[in-house]
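*Asks:* Sequence plus predicted model, see below.
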Amino acid sequence: MMQTSYLLTGVLLLAFSHAGIAGEKTDSKDEVEVYGATVGRMGEPVAIDEDNFHFSEAETRLWEDDHLANIKHTGRLYYAFHKSGSFEKGFDDSVYLDILKINDDGSKDTNLKFFTGARRQPVGPANLQGIRGNPVLGIYMQGDVYEMNRLTHGSWRYFQRRIKAAFAKGAKVEPVTFKYNGNDVKGEKIIIEPYVNDPHRSQMKQFANKTYEFILSQKIPGSIYQIKTVVPAKPKSDDKPLILEKLTFQRADFKS
């Protein structure tokens, strides 16, 4: 990742080659065209026409917008993580984003503690200096593809590519009102279903119907209110989800 912003990071995510699921060979039906470039063949570079491509609305909100623009003082942002469901034992943990310095250009120098103890996720310091996007988003999504790798014995690079394609094409962006500290807050919800039309969905079995929801609002420090993923028990079922994960903003403590 580059340290300037998540704009370039979003483009660089396209460059990951497709390793396939469970060692399966890549064929033409695995390919996805994004920004006029075919993404999916092993070892092929991604050529993007910078004069003609444009981010989707979902990508703009997640990867191009300055999430940290509404932070004017140093301090700490607190997030709570919750995992539950019938598939395996869940847990609760914490995420802390420290705003260490506000630079002259408006970017921030930060420090991120994603989970605690043995669960703590490594975050390179170069990804936390001079940034504009909220790094909580990138670390969560990288952890998510590793989890899909573990659950399905597939390739995390494959899942990363499918998610990137879902953001570029097919993402739903809709207005939302949510409760925070007892007040109604307006924002936007982004929804993707990366595997709903996946040619390999049979290999993912019950995990193929996984959905992702992102709630953003400029009224929330750091702009990200919640990231939620759900693996339903079965399509259109009211049963307890197989896996439910939520990362939710709790509060911010700023220094005056």
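*Replies:* Received it, and whenever you're ready, just let me know what you need. Numbers count the residues shown, from 1 in each chain.
*Asks:* where do the strands sit along this structure?
*Replies:* 32-34, 37-39, 75-84, 91-102, 108-114, 172-180, 183-192, 211-216, 224-231, 243-254 (DSSP state E).
*Asks:* just for the stretch 51-200 of the chain, where's the confidence low?
*Replies:* For the stretch 51-200 of the chain, the stretches flagged by pLDDT under 70 are 51-53.
*Asks:* returning to what we had before: residue 66 is nearest to which of the strands of the chain?
*Replies:* Smallest distance to residue 66 across the strands of the chain (CB to CB): 9.6 Å, for strand 108-114. C-beta coordinates here come from the backbone N, C-alpha and C atoms, glycine included.
*Asks:* relative to strand 75-84, how tilted is that closest one?
*Replies:* Per axes from the mean of the first three to the mean of the last three CA atoms, to 10 degrees, the angle that strand 108-114 makes with strand 75-84 is 30 degrees.
*Asks:* helices or strands up against strand 108-114?
*Replies:* strand 91-102, helix 135-152 (3 or more CB pairs under 8 Å, 6 or more residues apart in numbering; DSSP states H and E).
*Asks:* give me that answer again for 6 Å
*Replies:* strand 91-102 (3 or more CB pairs under 6 Å, 6 or more residues apart in numbering; DSSP states H and E).
*Asks:* and the strand it packs on, how far from the chain's centre?
*Replies:* 16 Å (CA atoms, centre = their mean, to the nearest Å).
*Asks:* Quick check: buried residues in it?
*Replies:* 93, 95, 97, 99 (16 or more other CB atoms under 10 Å).
*Asks:* ok, back up a step: closest to residue 55 out of the strands of the chain?
*Replies:* Evaluated over the strands of the chain, closeness to residue 55 peaks at strand 32-34, with 10.4 Å, by CB to CB.
*Asks:* For the strands of the chain, give me JSON lines that also has distance to residue 148.
*Replies:* JSON lines is the format used below for those (distance: least, CB to CB, whole Å):
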{"stretch": "strand 32-34", "distance to residue 148": "17"}
{"stretch": "strand 37-39", "distance to residue 148": "18"}
{"stretch": "strand 75-84", "distance to residue 148": "14"}
{"stretch": "strand 91-102", "distance to residue 148": "18"}
{"stretch": "strand 108-114", "distance to residue 148": "18"}
{"stretch": "strand 172-180", "distance to residue 148": "21"}
{"stretch": "strand 183-192", "distance to residue 148": "13"}
{"stretch": "strand 211-216", "distance to residue 148": "11"}
{"stretch": "strand 224-231", "distance to residue 148": "10"}
{"stretch": "strand 243-254", "distance to residue 148": "10"}
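*Asks:* Out of the ones you listed, which gets nearest to residue 67?
*Replies:* That would be strand 224-231 among the strands of the chain, by CB to CB, at 6.3 Å.
*Asks:* Parallel or antiparallel, which strands does that closest one pair with?
*Replies:* strand 211-216 (antiparallel), strand 243-254 (antiparallel) (DSSP bridges).
*Asks:* which of the ones you listed sits most buried?
*Replies:* Of all these, strand 211-216 has the most neighbours on average by mean count of other CB atoms under 10 Å, namely a mean of 20.
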